[in-house]
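# take this sequence and fold it.
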Amino acid sequence: MERDYLYRAKSEIQELYIISKINIGEGMVSKPHGGKLVKRLMSEKAKERTLEEKNSYIRISISERAALDLENIAYGIYSPLDGFLREDDLISVLNDMHLSDGLAWTIPIVLDVNEGNINFTEGDEILLCYNELPIAKMDVDNIYKYNKKEYAQKVFKTTDINHPGVANTYKMGDYLIGGDIKLINEIPNKFSKYTLRPEDTRKLFKKNTWKTIVAFQTRNVPHLGHEYLQKSALTFVDGLFINPVLGKKKKGDYKDEVILKAYETLFKHYYPKDSAVLATVRYEMRYAGPREAIHHAIMRKNFGCTHFIVGRDHAGVGNYYGPYEAQEIFKNFPDLGITPMFFKEFFYCKKCKGIVNEKICPHPMEDREYFSGTKIRNMIVEGKEPPEYFMRKEVYETIMSFENPFVGDE
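Numbers count the residues shown, from 1 in each chain. Model prediction:
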């Protein structure tokens, strides 16, 4: 009888969950976006031949962002992309948030170049190099101009130069080149032990017999609000995939090594070993709010996740987007192939004596302590331990073990 009761209780919870517009789904590791996991790695034999002949190729220098994008294309994190966007796809992404073949895609993955560096033509094969290291060979299918102001407005919903994504757009070259790539080398990765590719995660999820996996993206150290959100989502699926973003960040963000060590500490003390996985993705944030929320969901779909947590102001910066705009955009993508999990903002209620949200807490604002990344960051800067309802003591001590845990001026 006890087992029957528990089964009924679980069923009722799941029914409530579905009513709240978060579809649990049929329960299987998600198919890659577009149906096939892309793999664009040059064979060892071809790599050896290409490097021997490298002086016969036209070479262009690329940014760290482009090098990371190449890596994400090559390992299928950006499936179905085989390379950088051609003009027809860029126009379609900007105007319709879909590729020209109709598949959902919201963030332009493009390679920019200055006019003075275009010493090649469409149809050429070129080498893309980062700090003189050949990263990839590219078939140049398309060389085209674009309007930076239009690009910024459509991707970031603003042309304000104070928006980091807009500022980066205006620094880009005046031309874009599109075409397929083959990866030769990766840029150095000091966090390789934390790195898993979509092929790896899919095998791991299968080994763990997880049929439903919820992904959580982060670029911050964990506070109690994050933990509560993650564990709330984990209640309804088989496994939790915490996927910190490593790469260039804005001033004041936590350093990569701090984020990883903080999560290691949290995993050690507060997560069951068979229910959560920590692995990184190297990616430069665009801070594109709603559009980037969809992009992040697609990336985790390619990792094999079936669900994706979308919290308040996902991928936002400043006051450029509404607090739940990144959740609302998912209404336009009902067939995305990964189920978003939406959560209201959590806070600590002094009367409830626990972490709650506005849907379940009846008490006034003066009883609420909101999780503020800025507030917690200021406490850490001042050497003050955050209250126990804000951050785990062990996590705080891990952060404080670093002389300077924050990204500074570059």
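
# run a quick neighbour tally on residue 144.
Taking other C-beta atoms under 10 Å as the neighbour definition, residue 144 ends up with a count of 14. C-beta here means a position set from N, CA and C on the backbone, and glycine is covered the same way.

# same thing with residue 384?
Residues near residue 384, counting by other C-beta under 10 Å, number 11.

# which residue packs closest to the residue sitting nearest the centre point of the chain, ignoring adjacent ones?
In the chain, the C-alpha nearest the mean C-alpha coordinate belongs to residue 296, at 4.3 Å (C-alpha atoms, centre = their mean). Leaving aside its sequence neighbours, residue 296 sits nearest to residue 217 (C-beta to C-beta, 6 or more residues apart in numbering; 5.2 Å).

# which residues are contacting the helix or strand harbouring that neighbour?
Secondary-structure assignment from DSSP states H and E places residue 217 in strand 213-218. Contacting residues not belonging to strand 213-218 are listed as 29, 205, 226, 229-230, 233-234, 236-245, 259, 296, 300, 303-309, 314, 341 [C-beta atoms under 8 Å, 6 or more residues apart in numbering].

# how does it look with 6 Å?
Identification of contacts with strand 213-218 by C-beta atoms under 6 Å, 6 or more residues apart in numbering yields 205, 230, 233, 237, 239-244, 296, 300, 305-309.

# now residue 71: which helix or strand?
helix 64-74.

# so where do the helices sit in the stretch 101-250 of the chain?
148-156, 164-171, 198-207, 224-234 (DSSP state H, counting those that start in this stretch).

# deepest of those helices, which one?
The densest packing among the helices of the stretch 101-250 of the chain, expressed as mean neighbour count by mean count of other C-beta atoms under 10 Å, is seen in helix 224-234 with a mean of 19.

# okay, now residue 162: neighbour count?
For residue 162, the tally of surrounding residues (other C-beta under 10 Å) stands at 10.

# may I see the domains of the protein written out as residue ranges?
The chain breaks down into these structural domains: 2-30+191-400, 44-183 (assignment by automatic domain parsing).

# redo the ones you listed as CSV? Include distance to residue 406 and mean pLDDT.
CSV is the format used below for those (distance: least, C-beta to C-beta, whole Å; pLDDT from 0 to 100):
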stretch, distance to residue 406, mean pLDDT
domain 2-30+191-400, 6, 87
domain 44-183, 16, 97
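
# TSV for the ones you listed, including distance to residue 38?
Shown next, in TSV, are the domains of the chain (distance: least, C-beta to C-beta, whole Å):
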stretch	distance to residue 38
domain 2-30+191-400	8
domain 44-183	4
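
# okay, stretch 72-92 in PDB with CA atoms only?
As requested, C-alpha coordinates have been extracted for stretch 72-92 and formatted as PDB (Å, rounded to 0.1, in the frame of the first residue of the first chain):
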ATOM      1  CA  ASN A  72      31.800  24.100 -31.200                       C
ATOM      2  CA  ILE A  73      31.000  23.600 -34.900                       C
ATOM      3  CA  ALA A  74      33.500  20.800 -35.300                       C
ATOM      4  CA  TYR A  75      32.200  18.800 -32.200                       C
ATOM      5  CA  GLY A  76      28.500  19.300 -33.000                       C
ATOM      6  CA  ILE A  77      27.600  21.700 -30.200                       C
ATOM      7  CA  TYR A  78      26.300  24.000 -32.900                       C
ATOM      8  CA  SER A  79      24.700  21.200 -35.000                       C
ATOM      9  CA  PRO A  80      23.500  21.500 -37.700                       C
ATOM     10  CA  LEU A  81      26.100  24.100 -38.700                       C
ATOM     11  CA  ASP A  82      29.000  22.800 -40.800                       C
ATOM     12  CA  GLY A  83      30.700  26.200 -40.800                       C
ATOM     13  CA  PHE A  84      30.200  29.900 -40.600                       C
ATOM     14  CA  LEU A  85      26.900  31.300 -41.900                       C
ATOM     15  CA  ARG A  86      26.500  32.200 -45.500                       C
ATOM     16  CA  GLU A  87      24.600  35.400 -46.500                       C
ATOM     17  CA  ASP A  88      21.200  33.700 -47.100                       C
ATOM     18  CA  ASP A  89      21.300  32.000 -43.700                       C
ATOM     19  CA  LEU A  90      22.400  35.200 -41.900                       C
ATOM     20  CA  ILE A  91      19.500  37.200 -43.400                       C
ATOM     21  CA  SER A  92      17.100  34.500 -42.400                       C
END
